[in-house]
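K.L.:
when you get a sec, could you give me coordinates for this:
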Amino acid sequence: KKKGFDWKVYVQRQINRFNKELTEDIHKVHLMCLLMRGRYLNQVCNNPVLRGVALSLVPSEMSKVTVRKFDVSAHTRLMNWFREAVSIDLQLAEDAQSNLVQSLMKGMETRKVANPLEYVLVYLIMIRCLGVRARLVTSLQPLPLKNTKKVENTKKINIKGNPAAIKKPIKSKSDSKAEGKLDTKSKKKGTTGKKPERERKKQKASKPDSVSHASSTLKTKNKNLRKRGSKVRPDSYHDNSDVNDSDEDFEPENVSESEPEVDDCRKRKKKSFSNSVKSSQSPGRSDEDSDFMEEMVQFRSPVRKPQSGEKKNRKVLSSDSESESTASNHGSDEWVEVFIEAEKSWICIDCIRGHVNRPYRIESAATQPVHYVVAYNEEGEWKDVTARYASKWMTETRKLRVDPEWWSETLGVFRCEEDSTEDEEIKANLMKRPLPTSVSAYKSHPLYALRRHLLKYEAIYPETAAPLGYIRGEPVYARECVHELHSRENWLKEGRAVRIGEEAYKMVKSRAKWNKPKVDPEALDLELFGMWQTEEYIPPPAVDGKVPRNAYGNIELFKPSMLPAGTVYLKVPGLNKVAKKLNMDCVPAMVGWDSHCGFSHPVLEGFVVCEEHKDILLAAWDEEQEIQKQKEAEKKEKRAVGNWKLLIKGLLIKERIKKRFNLMEKDEEQDTKQKPKGKIATDAEKSWPRKHQQSKKLSHSQETM
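P.N.:
I've put the predicted structure just below:
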């Protein structure tokens, strides 16, 4: 039976598509806004007044250094002096002015700035006033390209545990087993001084006491919750906390095995967790920041590993760790790049932390993930330098970015001139990086490839290619060894033909056609060939004024090189009609395929004729065009004359009807009434209605007589 159309799946697919497009559009708009914000900050640094004030801050020793002598050591000395001279006072942020220029002016006068951004801008202004080529580098953090909110919600649900598992009752046999597991776990940890208490608990458990039985069931349930990663009160999350202490936190006052009691216990846990989140917030943060705390936690920083003497608490991450990861997620996203004339290269400077030419230190201090890094030069032009700072540029970073074509087109508005030296340096640094350590990182990697990740129409050539390394016993090949394969028909579309005697390099399953079903759907019946197995296609030449054609009566002209010898390709509409009149061969050219209405259709454009017939056909076509123009003019004139005849006939008919039915007199009477010459009659007897009635009566009496 044929499946009916599933409207629910169709509507859900459309909704998902709309949400994906909306998220991508929001990402693009936010990215463009951040781009222009960085350009505005760069323009502020070119303010001549700010440069003059910054020049007065520079010590005389550094102002005497020429631009060519500004090497790495000179920049290091200047940065160290700047860190001692200028400081960041976060208390000034409350009284900060809305105008950035005035705020920077005040900061340079007092040598105290309100935030790290102004600190970087002041340093950039000071470097530029010394004549050094410097760029402002910003790490853009737009809204994520993929909606991660749903994933976070599912993670939270899994962390809190499965409610169905909580409500499920536990039998008495499982209670005793769970207590035994608790005792073995405490013995492994080596806790001393608490064995008598546990022995007493064992003795109490053997008695048929309902209270102890219910408490043990609750304890085992809470233990299962902790195994699943349920969140507990922050008081029990300490490095030196004990298991029994954390169990007591979950013991209720009224113990029973009913389901409402378990729900109340869960509610108390949620309440205690919410209180712990409130208590973990730092007093310096405002209420507005705390409202968005959950949404900002997208990329967690690694948790501190416990030392050998400390105990590993595997219960759950408390709210304190969440707040720390949230605070660490926001780093410094602005720094400076300077050009070293002697080395002809750019180096990065983090004046906040004192790092010079350490891009990975800057990446670790920036907001994660680092996936858009743009540098702005003094002329207001920008350049994408993400590959220099993103350590995972070839694996994870490229997946977080927008479509490369759109991004390149957007940057083309103010793109700076291509610096081949800088691009080669970035490429060389990428080549020096070690091989990825995970198998998934090799998928779509720009430099390396595995056989398992090859697509249907891809293969590694040559077969004797030397692997660059191994991962889990599987050889790693260079991406240059991966080549694209095509069938004979597809190679013909590229203007190439498979050489005679070549064997297929790879056999794959062909696609089943709707009118030609396959006998064996799993059969490998499609031959694929590589570029090295093909040669340039040479079409058969025209003979005796006849153009070669295929079985469908046209000629395949996918590439200019596919034009047969002795023929000419003419893009002239209607040339086939002229050639037919002159009894000359003219073949339509198929230049490609177009997919619409569920099928592929050939695209016919222009005609191919013999070279000796070119001049005759073009002259005949020009003559035909003149005749067509003359015919169109005659047709237009004939139509206009016909319209005039129709109009005149209509007017004559109208006049004839007026004369026949005496309609002219009525019109004249109306005209005379509209323009009266004498006085208006005021007598009722002489008024028009009565006079008209009397005239009608007289005429009627005369007819009867």
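K.L.:
how about the helices in the stretch 601-705 of the chain?
P.N.:
Ranges of helices within the stretch 601-705 of the chain are 614-660, 663-674, 688-704, based on DSSP state H, counting those that start in this stretch.
K.L.:
name the nearest residue to residue 462, ignoring sequence neighbours.
P.N.:
Closest residue in space to residue 462, ignoring its immediate chain neighbours: residue 481 at 7.6 Å, by Cβ to Cβ, 6 or more residues apart in numbering. In this view, the C-beta of every residue, glycine as well, is placed from N, C-alpha and C.
K.L.:
that neighbour contacts residue 461, correct?
P.N.:
Yes - counting by Cβ atoms under 8 Å, residue 481 touches residue 461, with 6.5 Å between them.
K.L.:
mind listing the helices for the stretch 51-200 of the chain?
P.N.:
Under DSSP H, counting those that start in this stretch, the stretch 51-200 of the chain gives helices at 60-63, 72-85, 100-110, 116-129, 149-160, 163-167, 172-189, 195-206.
K.L.:
what's the angle from the second one to helix 116-129?
P.N.:
What it means is helix 72-85. With axes from the mean of the first three to the mean of the last three Cα atoms, to 10 degrees defining the directions, helix 72-85 sits at 130 degrees from helix 116-129.
K.L.:
which strands or helices does helix 72-85 pack on?
P.N.:
Applying 3 or more Cβ pairs under 8 Å, 6 or more residues apart in numbering; DSSP states H and E, we find helix 72-85 packed against helix 60-63, helix 116-129, strand 345-350, strand 355-356.
K.L.:
ok so, going back, enumerate every residue touching the residue nearest to residue 462.
P.N.:
The neighbours of residue 481, taking Cβ atoms under 8 Å, 6 or more residues apart in numbering as the test, are 449, 460-462, 465.
K.L.:
out of those, who's the most crowded?
P.N.:
Neighbour counts for the contacts of residue 481 peak at residue 449, which has 22 neighbours (criterion: other Cβ atoms under 10 Å).
K.L.:
follow-up on the earlier one: out of the contacts of residue 481, name the ones that lie in strands.
P.N.:
449, 460 (DSSP state E).
K.L.:
now for the contacts of residue 481: which two are most distant?
P.N.:
Spanning the widest gap among those are 449 and 462, at 14.3 Å by Cβ to Cβ.
K.L.:
quick check, residue 337 in a strand?
P.N.:
Yes - the assignment for residue 337 is a strand, going by DSSP: H, G, I helix; E, B strand; the rest coil.
K.L.:
okay, and the beta partners of it?
P.N.:
Per DSSP bridges, the residues bridged to residue 337 are residue 135, residue 348.
K.L.:
low-confidence regions, the stretch 101-250 of the chain specifically.
P.N.:
Along the stretch 101-250 of the chain, the parts satisfying pLDDT under 70 run over 147-250.
K.L.:
over to the chain?
P.N.:
For the chain, the stretches with pLDDT under 70 are 1-3, 95-97, 147-330, 418, 664-705.
K.L.:
sec struct for residue 402, please.
P.N.:
Following three-state DSSP, residue 402 is assigned to coil.
K.L.:
what about it, how many residues nearby?
P.N.:
16.
K.L.:
could you look up the SS state of the spatially closest residue to residue 141 that is not a sequence neighbour?
P.N.:
In space, and not counting its chain neighbours, residue 141 is closest to residue 367: 5.3 Å by Cβ to Cβ, 6+ apart. Going by three-state DSSP, the secondary structure assigned to residue 367 is coil.
K.L.:
now residue 421
P.N.:
Secondary structure, three-state DSSP: residue 421 is helix.
K.L.:
surely it meets residue 344?
P.N.:
Yes - if you go by Cβ under 8 Å, residue 421 and residue 344 touch, sitting 5.9 Å apart.
K.L.:
so what's residue 377 up against?
P.N.:
Counting by Cβ under 8 Å, 6+ apart, residue 377 makes contact with 42, 133, 135, 383, 416.
K.L.:
ok, it to residue 642 distance?
P.N.:
Using Cβ to Cβ, to the nearest Å, residue 377 is found at 72 Å from residue 642.
K.L.:
beta partners for residue 382?
P.N.:
Beta-bridge partners, per DSSP bridges, of residue 382: residue 376, residue 415.
K.L.:
what's the neighbour count on the residue nearest to residue 141?
P.N.:
Using other Cβ under 10 Å, residue 367 has 15 other residues around it.
K.L.:
out of the contacts of residue 377, flag the one nearest to residue 25.
P.N.:
Using Cβ to Cβ, residue 383 is the member of the contacts of residue 377 that lies nearest residue 25, at 24.9 Å.
K.L.:
which residues touch that closest one?
P.N.:
Residue 383 touches 374-375, 377, 411, 415-416, counting by Cβ under 8 Å, 6+ apart.
K.L.:
try it again with 7 Å
P.N.:
Neighbouring residues of residue 383 by Cβ atoms under 7 Å, 6 or more residues apart in numbering: 375, 415-416.
K.L.:
just the helices and strands packed on helix 72-85: most buried one?
P.N.:
Stretch with highest mean neighbour count among the helices and strands packed on helix 72-85: helix 116-129 (a mean of 23; mean count of other Cβ atoms under 10 Å).
K.L.:
could you list the residues in contact with that helix?
P.N.:
Helix 116-129 has contacts (Cβ under 7 Å, 6+ apart) with 41, 44-45, 50-51, 54-55, 57-58, 82, 86, 88, 103-104, 107-108, 113, 134, 136, 332, 334-336, 338, 351-352, 378.
K.L.:
tilt between that helix and strand 345-350?
P.N.:
Compare the direction of helix 116-129 with that of strand 345-350 by the same axes, to 10 degrees and you get 140 degrees.
K.L.:
all helices for the stretch 351-500 of the chain, in order.
P.N.:
According to DSSP H, counting those that start in this stretch, the helices that the stretch 351-500 of the chain contains are 359-365, 386-389, 404-411, 420-432, 488-493.
K.L.:
what number of residues lie near the closest residue in space to residue 478 that isn't next to it in sequence?
P.N.:
Computed as Cβ to Cβ, 6+ apart, the closest residue to residue 478 that is not its neighbour in sequence is residue 468, at 5.9 Å. The tally of other residues near residue 468 (other Cβ under 10 Å) stands at 14.
K.L.:
follow-up on the earlier one: separation between the residue nearest to residue 462 and residue 520?
P.N.:
From residue 481 to residue 520 the distance is 32 Å (Cβ to Cβ).
K.L.:
so who does residue 467 touch?
P.N.:
Contacts of residue 467 (Cβ under 7 Å, 6+ apart): 475-477.
K.L.:
okay if I get the contacts of residue 377 as JSON lines plus distance to residue 445?
P.N.:
JSON lines is the format used below for those (distance: Cβ to Cβ, whole Å):
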{"residue": "42", "distance to residue 445": "34"}
{"residue": "133", "distance to residue 445": "34"}
{"residue": "135", "distance to residue 445": "29"}
{"residue": "383", "distance to residue 445": "24"}
{"residue": "416", "distance to residue 445": "28"}
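K.L.:
perfect, that will be all.
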